[in-house]
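S.K.: A predicted structure for the sequence below; I have some questions about it.
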Amino acid sequence: MKKQYKIIPDPEYGYLRADPVPTREEVESYYQEEFYTAKRFNDSSLEVQKEGQSYYDSRWEGIYQKCNEFFGGRKFSLFDIGFGYAQALLYFKSKGIEVAGLDPAPQGVEYAKAQGLDVYQAGIEDFSCVGERRFDVVMLLNVLEHLRHPQEILKSIQRQLLKPGGLLVIEVPNEFNDFQMTAVNEYGLEEWWVCPPHHLNYFSTTSLKQLLNKCDYDVVYAQAAFPMEMFLLMGDVYVGNSALGKQCHNKRAKFEEVLRRNGKGEKLSRFYQALAELDLGRQTLVFATAPDLLSDS
(Lines give C-alpha, C1' and ligand atoms only; values in the text may rest on other atoms or scores of the structure.)
Protein backbone atom coordinates (compact mmCIF):
# COMPACT_ATOMS: atom_id res chain seq x y z
CA MET A 1 0.00 0.00 0.00
CA LYS A 2 1.35 3.39 -1.00
CA LYS A 3 2.22 5.64 1.93
CA GLN A 4 -0.09 8.61 2.44
CA TYR A 5 1.30 12.08 3.11
CA LYS A 6 -0.14 15.39 4.19
CA ILE A 7 1.39 18.74 3.25
CA ILE A 8 1.92 20.93 6.31
CA PRO A 9 3.90 24.08 7.20
CA ASP A 10 7.12 23.10 8.91
CA PRO A 11 6.54 24.23 12.51
CA GLU A 12 10.04 25.71 12.90
CA TYR A 13 11.08 26.91 9.43
CA GLY A 14 7.74 27.69 7.78
CA TYR A 15 8.13 26.10 4.33
CA LEU A 16 5.57 23.49 3.27
CA ARG A 17 6.61 19.86 3.52
CA ALA A 18 5.37 16.30 3.48
CA ASP A 19 4.22 14.82 6.75
CA PRO A 20 5.39 12.39 7.95
CA VAL A 21 8.95 12.91 6.75
CA PRO A 22 9.95 9.59 5.14
CA THR A 23 12.90 7.67 6.49
CA ARG A 24 16.24 7.81 4.71
CA GLU A 25 15.74 4.18 3.69
CA GLU A 26 12.33 4.95 2.14
CA VAL A 27 13.75 7.84 0.11
CA GLU A 28 16.78 5.86 -1.07
CA SER A 29 14.53 2.96 -2.05
CA TYR A 30 12.31 5.27 -4.09
CA TYR A 31 15.24 6.81 -5.95
CA GLN A 32 16.92 3.50 -6.70
CA GLU A 33 13.74 1.76 -7.82
CA GLU A 34 11.92 4.57 -9.63
CA PHE A 35 13.73 7.86 -10.08
CA TYR A 36 17.19 6.85 -11.28
CA THR A 37 15.94 3.95 -13.36
CA ALA A 38 13.92 6.46 -15.38
CA LYS A 39 17.19 8.35 -16.10
CA ARG A 40 15.80 11.60 -14.76
CA PHE A 41 18.19 13.91 -12.97
CA ASN A 42 17.47 17.51 -11.96
CA ASP A 43 14.04 17.04 -13.56
CA SER A 44 15.49 16.58 -17.06
CA SER A 45 16.95 13.64 -18.95
CA LEU A 46 20.20 14.11 -20.84
CA GLU A 47 18.26 13.91 -24.10
CA VAL A 48 15.93 16.73 -23.05
CA GLN A 49 18.83 18.90 -21.96
CA LYS A 50 20.73 18.29 -25.19
CA GLU A 51 17.63 19.03 -27.26
CA GLY A 52 17.09 22.33 -25.44
CA GLN A 53 20.75 23.17 -24.93
CA SER A 54 20.46 26.83 -25.90
CA TYR A 55 17.70 27.30 -23.30
CA TYR A 56 19.66 25.54 -20.56
CA ASP A 57 22.86 27.36 -21.49
CA SER A 58 21.03 30.66 -21.03
CA ARG A 59 20.13 29.53 -17.48
CA TRP A 60 23.75 28.67 -16.68
CA GLU A 61 24.92 31.93 -18.22
CA GLY A 62 22.57 33.90 -15.99
CA ILE A 63 23.96 32.17 -12.90
CA TYR A 64 27.54 32.67 -14.13
CA GLN A 65 26.99 36.38 -14.70
CA LYS A 66 25.47 36.89 -11.25
CA CYS A 67 28.36 34.99 -9.58
CA ASN A 68 30.87 36.93 -11.66
CA GLU A 69 29.26 40.17 -10.52
CA PHE A 70 29.31 39.05 -6.88
CA PHE A 71 33.04 38.23 -6.97
CA GLY A 72 33.95 41.36 -8.88
CA GLY A 73 35.17 39.51 -11.95
CA ARG A 74 37.77 37.36 -10.17
CA LYS A 75 37.88 33.64 -10.83
CA PHE A 76 35.86 31.48 -8.47
CA SER A 77 35.52 27.77 -7.74
CA LEU A 78 32.16 26.01 -7.87
CA PHE A 79 30.68 22.84 -6.38
CA ASP A 80 27.38 21.44 -7.68
CA ILE A 81 25.35 19.20 -5.35
CA GLY A 82 23.13 16.79 -7.29
CA PHE A 83 24.59 17.65 -10.69
CA GLY A 84 22.62 15.02 -12.62
CA TYR A 85 24.14 14.79 -16.09
CA ALA A 86 26.60 17.59 -15.29
CA GLN A 87 25.47 20.03 -17.97
CA ALA A 88 25.86 23.00 -15.63
CA LEU A 89 29.32 21.82 -14.56
CA LEU A 90 30.38 21.50 -18.19
CA TYR A 91 29.14 25.01 -18.93
CA PHE A 92 31.00 26.53 -15.99
CA LYS A 93 34.14 24.59 -16.89
CA SER A 94 33.95 26.09 -20.39
CA LYS A 95 34.18 29.50 -18.69
CA GLY A 96 37.48 28.57 -17.08
CA ILE A 97 35.96 27.91 -13.66
CA GLU A 98 37.36 25.24 -11.33
CA VAL A 99 34.39 22.91 -10.88
CA ALA A 100 33.52 19.80 -8.90
CA GLY A 101 30.35 18.13 -7.71
CA LEU A 102 28.61 15.13 -6.23
CA ASP A 103 25.62 13.03 -7.18
CA PRO A 104 24.20 9.74 -5.85
CA ALA A 105 23.48 8.27 -9.29
CA PRO A 106 26.19 6.11 -10.87
CA GLN A 107 24.90 6.90 -14.38
CA GLY A 108 25.38 10.62 -13.94
CA VAL A 109 28.75 10.23 -12.21
CA GLU A 110 30.05 7.93 -14.95
CA TYR A 111 28.92 10.39 -17.61
CA ALA A 112 30.57 13.32 -15.80
CA LYS A 113 33.85 11.46 -15.34
CA ALA A 114 33.86 10.55 -19.03
CA GLN A 115 33.72 14.30 -19.73
CA GLY A 116 36.81 14.84 -17.58
CA LEU A 117 34.99 16.37 -14.61
CA ASP A 118 36.10 16.17 -10.98
CA VAL A 119 33.09 14.52 -9.33
CA TYR A 120 32.13 12.26 -6.44
CA GLN A 121 29.46 9.60 -6.16
CA ALA A 122 27.88 10.14 -2.75
CA GLY A 123 24.56 10.70 -1.05
CA ILE A 124 23.19 14.24 -1.11
CA GLU A 125 23.28 14.30 2.69
CA ASP A 126 26.96 13.29 3.00
CA PHE A 127 29.80 15.69 2.15
CA SER A 128 32.58 13.69 3.82
CA CYS A 129 33.92 12.60 0.41
CA VAL A 130 35.06 16.17 -0.25
CA GLY A 131 37.45 16.18 2.68
CA GLU A 132 38.95 19.59 3.46
CA ARG A 133 38.14 21.19 0.09
CA ARG A 134 36.11 24.41 0.14
CA PHE A 135 34.48 26.34 -2.71
CA ASP A 136 33.52 29.91 -3.51
CA VAL A 137 30.14 28.87 -4.92
CA VAL A 138 27.93 25.93 -3.94
CA MET A 139 24.92 25.19 -6.13
CA LEU A 140 21.73 23.25 -5.37
CA LEU A 141 19.61 23.33 -8.53
CA ASN A 142 16.30 21.50 -8.17
CA VAL A 143 17.62 19.55 -5.19
CA LEU A 144 16.30 21.14 -1.99
CA GLU A 145 12.72 20.04 -2.70
CA HIS A 146 13.86 16.39 -2.57
CA LEU A 147 15.63 16.44 0.80
CA ARG A 148 14.21 15.08 4.04
CA HIS A 149 15.67 17.86 6.19
CA PRO A 150 16.70 20.78 3.95
CA GLN A 151 17.70 22.97 6.86
CA GLU A 152 20.33 20.45 7.95
CA ILE A 153 21.88 20.38 4.48
CA LEU A 154 22.04 24.18 4.39
CA LYS A 155 23.87 24.21 7.72
CA SER A 156 26.22 21.43 6.59
CA ILE A 157 27.12 23.41 3.47
CA GLN A 158 28.27 26.26 5.70
CA ARG A 159 30.39 23.96 7.84
CA GLN A 160 31.78 21.64 5.19
CA LEU A 161 31.74 23.14 1.69
CA LEU A 162 31.44 26.91 1.44
CA LYS A 163 34.40 29.25 1.80
CA PRO A 164 33.99 32.25 4.11
CA GLY A 165 32.20 34.94 2.13
CA GLY A 166 31.14 32.37 -0.45
CA LEU A 167 27.89 32.23 -2.38
CA LEU A 168 25.11 29.64 -2.15
CA VAL A 169 22.92 29.33 -5.27
CA ILE A 170 19.59 27.53 -4.91
CA GLU A 171 16.86 26.93 -7.44
CA VAL A 172 13.58 25.24 -6.51
CA PRO A 173 10.11 24.97 -8.01
CA ASN A 174 7.80 27.77 -6.83
CA GLU A 175 4.76 25.86 -5.65
CA PHE A 176 1.28 26.71 -4.36
CA ASN A 177 1.59 30.03 -6.17
CA ASP A 178 -1.49 32.09 -7.03
CA PHE A 179 -1.49 31.13 -10.71
CA GLN A 180 -1.35 27.41 -9.84
CA MET A 181 -4.14 27.66 -7.29
CA THR A 182 -6.30 29.69 -9.66
CA ALA A 183 -5.87 27.01 -12.35
CA VAL A 184 -6.83 24.32 -9.83
CA ASN A 185 -10.02 26.21 -8.99
CA GLU A 186 -10.85 27.15 -12.58
CA TYR A 187 -10.43 23.72 -14.16
CA GLY A 188 -11.08 21.38 -11.25
CA LEU A 189 -7.50 20.09 -11.34
CA GLU A 190 -5.73 18.22 -8.60
CA GLU A 191 -2.62 19.80 -7.11
CA TRP A 192 -0.45 18.06 -9.69
CA TRP A 193 2.85 19.36 -8.29
CA VAL A 194 2.35 17.55 -4.95
CA CYS A 195 4.26 14.31 -5.38
CA PRO A 196 5.98 12.88 -2.29
CA PRO A 197 8.32 11.09 -1.88
CA HIS A 198 9.70 12.64 -5.11
CA HIS A 199 9.17 16.20 -3.88
CA LEU A 200 9.09 16.44 -0.10
CA ASN A 201 9.31 20.23 0.27
CA TYR A 202 7.34 23.03 -1.40
CA PHE A 203 8.80 26.52 -1.50
CA SER A 204 7.99 30.03 -2.59
CA THR A 205 10.56 32.81 -2.84
CA THR A 206 9.31 34.10 0.51
CA SER A 207 9.52 30.78 2.35
CA LEU A 208 12.92 29.94 0.83
CA LYS A 209 14.30 33.30 1.98
CA GLN A 210 12.87 32.68 5.43
CA LEU A 211 14.50 29.25 5.61
CA LEU A 212 17.86 30.66 4.52
CA ASN A 213 17.68 33.48 7.04
CA LYS A 214 16.94 31.02 9.85
CA CYS A 215 19.99 29.01 8.75
CA ASP A 216 22.17 32.13 9.05
CA TYR A 217 22.39 33.06 5.37
CA ASP A 218 21.86 36.53 3.95
CA VAL A 219 19.91 36.59 0.67
CA VAL A 220 21.58 38.94 -1.82
CA TYR A 221 19.47 38.33 -4.93
CA ALA A 222 16.33 36.48 -6.01
CA GLN A 223 14.52 36.05 -9.29
CA ALA A 224 11.76 33.87 -10.65
CA ALA A 225 11.45 31.96 -13.92
CA PHE A 226 8.75 32.43 -16.53
CA PRO A 227 5.30 31.79 -14.96
CA MET A 228 4.34 28.72 -16.97
CA GLU A 229 0.94 28.58 -15.25
CA MET A 230 -0.06 31.62 -17.28
CA PHE A 231 -0.62 29.20 -20.16
CA LEU A 232 -3.12 27.32 -18.01
CA LEU A 233 -5.00 30.52 -17.25
CA MET A 234 -5.09 31.33 -20.98
CA GLY A 235 -6.67 27.95 -21.74
CA ASP A 236 -3.66 25.76 -22.58
CA VAL A 237 -4.29 23.10 -19.94
CA TYR A 238 -1.04 21.19 -20.25
CA VAL A 239 -1.43 19.21 -17.01
CA GLY A 240 -1.39 15.56 -18.07
CA ASN A 241 -0.69 16.55 -21.69
CA SER A 242 3.06 16.31 -22.30
CA ALA A 243 2.81 17.35 -25.95
CA LEU A 244 1.01 20.57 -25.06
CA GLY A 245 3.40 21.11 -22.16
CA LYS A 246 6.34 20.93 -24.55
CA GLN A 247 4.67 23.46 -26.86
CA CYS A 248 4.20 25.84 -23.94
CA HIS A 249 7.81 25.39 -22.86
CA ASN A 250 9.02 26.14 -26.38
CA LYS A 251 6.98 29.36 -26.40
CA ARG A 252 8.55 30.37 -23.09
CA ALA A 253 12.03 29.65 -24.48
CA LYS A 254 11.25 31.67 -27.62
CA PHE A 255 10.01 34.59 -25.51
CA GLU A 256 13.32 34.73 -23.63
CA GLU A 257 15.45 34.15 -26.72
CA VAL A 258 13.83 37.02 -28.66
CA LEU A 259 14.21 39.46 -25.78
CA ARG A 260 17.88 38.60 -25.24
CA ARG A 261 18.66 38.73 -28.96
CA ASN A 262 17.19 42.22 -29.08
CA GLY A 263 19.23 43.54 -26.19
CA LYS A 264 16.52 43.25 -23.52
CA GLY A 265 18.20 40.69 -21.28
CA GLU A 266 18.55 43.14 -18.39
CA LYS A 267 14.88 44.11 -18.62
CA LEU A 268 13.98 40.38 -18.63
CA SER A 269 16.00 39.88 -15.44
CA ARG A 270 14.24 42.80 -13.78
CA PHE A 271 10.89 41.35 -14.85
CA TYR A 272 11.79 38.03 -13.22
CA GLN A 273 12.98 39.84 -10.07
CA ALA A 274 9.57 41.51 -9.85
CA LEU A 275 7.82 38.15 -10.23
CA ALA A 276 9.90 36.77 -7.36
CA GLU A 277 8.70 39.61 -5.15
CA LEU A 278 5.13 38.45 -5.92
CA ASP A 279 5.91 34.75 -5.31
CA LEU A 280 5.08 34.05 -8.95
CA GLY A 281 7.03 32.15 -11.59
CA ARG A 282 7.61 28.44 -12.25
CA GLN A 283 10.93 28.41 -10.38
CA THR A 284 12.65 30.63 -7.86
CA LEU A 285 16.41 31.22 -7.97
CA VAL A 286 18.07 32.63 -4.85
CA PHE A 287 21.67 33.69 -4.17
CA ALA A 288 22.76 33.88 -0.53
CA THR A 289 25.95 34.33 1.43
CA ALA A 290 26.91 33.28 4.94
CA PRO A 291 29.04 36.06 6.42
CA ASP A 292 29.09 34.50 9.90
CA LEU A 293 30.82 31.27 8.89
CA LEU A 294 33.06 29.77 11.53
CA SER A 295 36.73 30.52 11.00
CA ASP A 296 37.58 26.84 10.57
CA SER A 297 35.11 26.49 7.69
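M.R.: Arrived safely.

S.K.: Doesn't D136 belong to a strand?
M.R.: Yes. Counting by DSSP: H, G, I helix; E, B strand; the rest coil, D136 is located in a strand.

S.K.: pretty sure L161 contacts E132?
M.R.: No. L161 lies out of contact with E132 (Cβ atoms under 8 Å); the separation is 10.7 Å. Bear in mind the C-beta positions are built from the backbone N, C-alpha and C, glycine included.

S.K.: who has more neighbours, these two?
M.R.: L161 (21 against 5; other Cβ atoms under 10 Å).

S.K.: Stretch 57-71: which residues count as buried?
M.R.: Residues of stretch 57-71 classed as buried by neighbour count (16 or more other Cβ atoms under 10 Å): D57, S58, R59, W60, G62, I63, Y64, K66, C67, F70.

S.K.: Which strand or helix spans the fifth one?
M.R.: Here G62, judged by DSSP states H and E, is contained in helix 53-70.

S.K.: elements contacting that helix?
M.R.: Helix 53-70 is packed against helix 87-94, strand 162-173, helix 242-261, strand 283-289, with contacts defined by 3 or more Cβ pairs under 8 Å, 6 or more residues apart in numbering; DSSP states H and E.

S.K.: and these as TSV, adding mean neighbour count?
M.R.: Formatted as TSV, the helices and strands packed on helix 53-70 follow (neighbours: other Cβ atoms under 10 Å):
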stretch	mean neighbour count
helix 87-94	21
strand 162-173	22
helix 242-261	14
strand 283-289	23
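
S.K.: Between those, which one is closest to G116.
M.R.: Judged by Cβ to Cβ, the one of the helices and strands packed on helix 53-70 that comes nearest to G116 is helix 87-94, at 8.3 Å.

S.K.: Now do the closest one against helix 53-70, angle only.
M.R.: Note on geometry: by axes from the mean of the first three to the mean of the last three Cα atoms, to 10 degrees, helix 87-94 and helix 53-70 are set 60 degrees apart in direction.

S.K.: chain center to the next helix or strand after helix 87-94, what's the gap?
M.R.: Using DSSP H and E, the next helix or strand after helix 87-94 towards the C-terminus is strand 98-103. Chain-centre distance of strand 98-103: 15 Å, with Cα atoms, centre = their mean, to the nearest Å.

S.K.: repeat for stretch 189-202
M.R.: Its chain's C-alpha centre and that of stretch 189-202 lie 15 Å apart, by Cα atoms, centre = their mean.

S.K.: Show me which residues of the helix or strand encompassing K209 are buried.
M.R.: Using DSSP H and E, K209 sits within helix 205-214. By neighbour count with 16+ other Cβ under 10 Å, helix 205-214 contains the buried residues T205, T206, S207, L208, K209, Q210, L211, L212.

S.K.: now stretch 112-127
M.R.: Applying 16+ other Cβ under 10 Å to stretch 112-127 flags A112, L117, V119, Y120, A122, I124, F127 as buried.

S.K.: ok, residues contacting the lowest-mean-pLDDT helix or strand in the chain?
M.R.: When each helix and strand of the chain is scored by mean pLDDT, DSSP states H and E, helix 24-30 comes last, with a mean of 75. Helix 24-30 has contacts (Cβ atoms under 8 Å, 6 or more residues apart in numbering) with K3, P22, G123, E125, H146, R148, P197, H198, L200.

S.K.: returning to what we had before: which one of the helices and strands packed on helix 53-70 lies closest to F79?
M.R.: Nearest to F79, of all the helices and strands packed on helix 53-70, is strand 162-173, at 8.4 Å by Cβ to Cβ.

S.K.: follow-up on the earlier one: can I get the buried residues of stretch 57-71 in CSV including pLDDT and distance to G84?
M.R.: Converted to CSV, these look like this (pLDDT from 0 to 100; distance: Cβ to Cβ, whole Å):
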residue, pLDDT, distance to G84
D57, 94, 15
S58, 94, 18
R59, 94, 13
W60, 96, 13
G62, 96, 18
I63, 97, 15
Y64, 97, 18
K66, 97, 21
C67, 97, 19
F70, 96, 24
